[in-house]
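Trainee: My questions concern the predicted model and sequence given below.
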Amino acid sequence: MYSNKAVNDWVNEMAKLTKPDRLVWIDGSEEERERLTKEACDTGEMLLLNQEKLPGCLYHRTVPNDVARVEQLTFICTSKKEDAGPTNNWMSPADAYDRLGKLFDGSMKGRTMYAIPYLMGPAASPFSKVGIELTDSVYVVLNMRIMTRMGKVAMDYLGDAPSFVKGLHSKADLNPERRFICHFPEDNTIWSIGSGYGGNVLLGKKCFSLRIGSYLGRTEGWMAEHMLILGVESPDGSVDYVAAAFPSACGKTNLAMMIPPEYASKKGYKVWTVGDDIAWMRIGADGRLWAVNPEAGFFGVAPGTSMKSNPNALLTTQKNTIFTNVVLTPEKTVWWEGMGVDAPESATDWKGNPWTPSSPEKGAHPNSRFTAPARQCPCISKEWENPNGVPISAILFGGRRAKVAPLVYQSFDWEHGVFVGATMGSETTAAAAGQVGVVRRDPMAMLPFCGYNMGDYFAHWLEMGKAIPKPPKIFNVNWFRTDAGGKFIWPGYGENFRVVKWVLDRCKGAAGADESAIGYMPKPEDIDVTGIEDAVSAGTIKDLLSIDKDSWAAEIESQNEFFAKFDRLPAEVRKQQAALKARLGL
Ligand code: GTP
Ligand code: SPV
Ligand code: MN
């Protein structure tokens, strides 16, 4: 249907392999959306929700063994094993094409192959990139329509050029034994088979924008990061931008859409969302680092999203949204744990079984998700589609740490900041299959998403620091410290504004700090607690900022265990660790 020869040749080749009954080219039109929605509902793959209460909204359940990213089945297929590095699973390209080729052979028989051209980045941006995803899932098409700029717009952007990311996806038989997510960064190719879950199959997201993107970023001199982007508007109307890397299900969507506490909104502070998951960052003509959100929608965690915790997210999902693995109510609306409204008396759970509030199991899967258009977000930044992105003043790294990491600290300089990012740790969450709640090292929140050797990735960060004339300042934050009873000490959510405010004041030279062994820390009185004095006393802030020498000694041990896997660890990282040890007196 489109005239690009490279695209047509490749699509024909893949159709020969997978043998679909039909090939449908996706154009992104409204007529097409209606047709595909009807198709998906006719087959029962999706369900039309209550159109009065949730116009344009659809419901979907995945099979119960396919509810999260599968890191153990995700591979980086570089010709040399060393180039995938110690933190990625590796298969040689020849082996992977052979092994998956056998699984793809005839996998679309009796099905339709949809050819989806899509664009990552705004249509007017010279930095955007084109992908084509071939899939036998109409759910994928309808999600890609929200998450990317899909259809004609992408082919117009590509023109006759042969440079696009080739993504092939088939649900096949959805058997976890035959599930693989393979990336071929040297060929701009992604092959995903055997899954129907978001992060494994919406190939523009983690597969392209992070794994292939990080590889391209290193060769082309830019950065692809697992970061939200937000703007803080001051009473004088100026806006400062922050990018923040937290691991999956650790608060990016929430921070990106937070509502400032009353003391600040009364003064005129506002928060604007540019992106909630991925940032592509380049050095601008003015010497600052500029960030673009390559996505067009949010694929957000549903549980815990309420009018109290994140009203902007909830309001974004009131129309044209796809809900996956949440509770379905009798009136065909949706519900999840932590939605802040009463549970339906009787409903259907994420597995399709009858469910009541007294059922022993949760109604929604902990990694159930909504897919919603970014433009519907009440606090979407007017710069969110700026072709050049927005200039970043501060980068935040953060994880889910019950102990050790304080509420916030600032790195001494870029190199120290890279060390802080490289040594991030976080407790695992339901966003990936496997055990939940165990601390693992997750550098820059990119452990599952770096498309090449993580040692080279650290080196790229260090190189970028030297190349950026006016680099952002780097901070570490932790909203998840707990008390002896296991309760979160810091109230979090919108109250995180108070920490971001200190961060931005530091960037402007307008806030003080104490120099500690791990970095610059706010004095307790530097964190504004107006309005929450009862919940957060000066003593609480002191606790949140305390540094326990023994825990840090154990932390350094754990860092060393992680570093021991690397043979390409930049010397600067070790040097920074030695300096930290010396400062701690260890
Ligand atoms: P991905 O989409 O997987 O990349 O996740 P994310 O980083 O965008 O995480 P999200 O904002 O969806 O938050 C995940 C979970 O963390 C939800 O259950 C939130 O309610 C919870 N959460 C977010 N921010 C905070 C916070 O400041 N404090 C606490 N205690 N929990 C939070
Ligand atoms: C994450 O797990 O970091 C997500 C959801 O943002 S997924 O698309 O599954 O990667
Ligand atoms: Mn994510």
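Mentor: Here it is on my side, so go on. Ligands and ions are numbered 1, 2, ... in the order given.
Trainee: contact partners of stretch 514-528?
Mentor: Contacts with stretch 514-528, where a contact means CB atoms under 8 Å, 6 or more residues apart in numbering, come from 263-264, 406-412, 416, 420, 476, 498-499, 501-502, 506, 511-513, 538, 541-542, 545, 547, 552, 580, 583-585. Backbone N, C-alpha and C define where each C-beta goes, glycine included.
Trainee: What residues does this protein have near ligand 1?
Mentor: By CB under 6 Å from any ligand atom, the part of the chain that sits against ligand 1 consists of 246, 248-254, 276-277, 300-301, 303-304, 309, 431, 479-480, 488, 492-493, 496.
Trainee: hmm, stretch 281-299 touching ligand 2?
Mentor: Yes - against ligand 2, stretch 281-299 shows contacts by CB under 6 Å from any ligand atom at Phe299.
Trainee: can you tell me the average pLDDT over that stretch?
Mentor: Stretch 281-299 carries an average pLDDT of 98.
Trainee: is that stretch anywhere near ligand 3?
Mentor: No - using CB under 5 Å from the ion, stretch 281-299 never reaches ligand 3; the gap is at least 7.9 Å.
Trainee: ok, now which ones touch the residue of the stretch 351-500 of the chain found nearest ligand 1?
Mentor: Sorted by distance to ligand 1 under CB to the nearest ligand atom, the residues of the stretch 351-500 of the chain start with Gly492, at 2.6 Å. Residues near Gly492 by CB under 8 Å, 6+ apart: 251, 254, 479-480.
Trainee: Tell me the spacing between Ala84 and Val418.
Mentor: In this view, Ala84 and Val418 are 21 Å apart by CB to CB, to the nearest Å.
Trainee: And the strands in the stretch 101-250 of the chain?
Mentor: Taking DSSP state E, counting those that start in this stretch as the criterion, the stretch 101-250 of the chain carries its strands at 112-120, 129-135, 149-150, 165-170, 180-184, 189-193, 223-225, 227-233, 239-245.
Trainee: okay, these in TSV with distance to ligand 2, mean pLDDT and mean neighbour count next?
Mentor: Below are the strands of the stretch 101-250 of the chain laid out as TSV (distance: least, CB to the nearest ligand atom, whole Å; pLDDT from 0 to 100; neighbours: other CB atoms under 10 Å):
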stretch	distance to ligand 2	mean pLDDT	mean neighbour count
strand 112-120	14	98	25
strand 129-135	14	98	26
strand 149-150	16	98	26
strand 165-170	14	98	26
strand 180-184	11	98	25
strand 189-193	12	98	25
strand 223-225	12	99	26
strand 227-233	10	98	25
strand 239-245	11	99	23
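Trainee: Out of those strands, which is closest to Glu295?
Mentor: strand 112-120 (7.2 Å; CB to CB).
Trainee: okay, the angle between the closest one and strand 129-135?
Mentor: Angle, strand 112-120 to strand 129-135, by axes from the mean of the first three to the mean of the last three CA atoms, to 10 degrees: 160 degrees.
Trainee: what packs against strand 112-120?
Mentor: The contact analysis (3 or more CB pairs under 8 Å, 6 or more residues apart in numbering; DSSP states H and E) places strand 112-120 against helix 5-18, strand 22-25, strand 129-135, helix 138-147, strand 149-150, helix 152-158.
Trainee: got the CA coordinates for it in PDB?
Mentor: The C-alpha coordinates for strand 112-120 follow below in PDB (Å, rounded to 0.1, in the frame of the first residue of the first chain):
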ATOM      1  CA  THR A 112      -4.400 -11.300   9.800                       C
ATOM      2  CA  MET A 113      -1.000  -9.600   9.700                       C
ATOM      3  CA  TYR A 114      -1.200  -5.900  10.500                       C
ATOM      4  CA  ALA A 115       1.600  -3.700   9.200                       C
ATOM      5  CA  ILE A 116       1.900  -0.700  11.500                       C
ATOM      6  CA  PRO A 117       4.100   2.200  10.500                       C
ATOM      7  CA  TYR A 118       4.800   4.400  13.500                       C
ATOM      8  CA  LEU A 119       6.800   7.300  14.600                       C
ATOM      9  CA  MET A 120       8.600   7.700  17.900                       C
END
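Trainee: What pairs with it, parallel or antiparallel?
Mentor: strand 22-25 (parallel), strand 129-135 (antiparallel), strand 149-150 (antiparallel) (DSSP bridges).
Trainee: Contacts only, for the residue in the stretch 101-250 of the chain that ligand 2 sits nearest to.
Mentor: Closest residue of the stretch 101-250 of the chain to ligand 2, CB to the nearest ligand atom: Gly199 (2.2 Å). For Gly199, the contact set (CB under 8 Å, 6+ apart) comprises 68-69, 205-206, 299, 431.
Trainee: quick revisit: show me which of the residues of the chain next to ligand 1 neighbour ligand 3.
Mentor: Okay, of these touching ligand 3 (CB under 5 Å from the ion), that's 248, 277.
Trainee: Of the residues of the chain next to ligand 1, which belong to strands?
Mentor: 300-301 (DSSP state E).
Trainee: Tell me which of the residues of the chain next to ligand 1 fall in helices.
Mentor: Per DSSP state H, helices hold the following members of these: 252-254.
Trainee: for the residues you listed, which one is nearest Gly101?
Mentor: Lys252 (35.9 Å).
Trainee: Need the per-residue pLDDT for that closest one.
Mentor: We have a pLDDT of 98 for Lys252.
Trainee: ok, how many other residues are close to it?
Mentor: By other CB atoms under 10 Å, 27 other residues sit near Lys252.
Trainee: Please apply the same query to Gly465.
Mentor: Neighbour count for Gly465, taken as other CB under 10 Å: 18.
Trainee: residues touching the closest residue to it other than its chain neighbours, list them.
Mentor: Of all residues not flanking Gly465 in the chain, Trp414 sits nearest, at 3.7 Å (CB to CB, 6 or more residues apart in numbering). Residues counted as contacts of Trp414 (CB under 8 Å, 6+ apart) are 462, 465, 468, 471, 474.
Trainee: ok, now how distant is Trp414 from Ile474?
Mentor: With distances taken as CB to CB, Trp414 is found 7 Å from Ile474.
Trainee: How about Trp10?
Mentor: Counting by CB to CB, the separation of Trp10 from Ile474 is 41 Å.
Trainee: quick one, which of these two is more surrounded?
Mentor: More crowded of Trp10 and Ile474, by other CB under 10 Å: Ile474, with 24 against 19.
Trainee: strands paired with the helix or strand containing the more buried one, and their directions?
Mentor: Using DSSP states H and E, Ile474 maps to strand 473-477. Partner strands and pairing direction for strand 473-477 (DSSP bridges) are strand 390-398 (parallel), strand 408-410 (antiparallel).
Trainee: Among these, which comes closest to Tyr452?
Mentor: Of all these, strand 390-398 sits nearest to Tyr452, with 19.9 Å by CB to CB.
Trainee: what's the neighbour count on Glu515?
Mentor: Number of residues near Glu515 (other CB under 10 Å) recorded here: 11.
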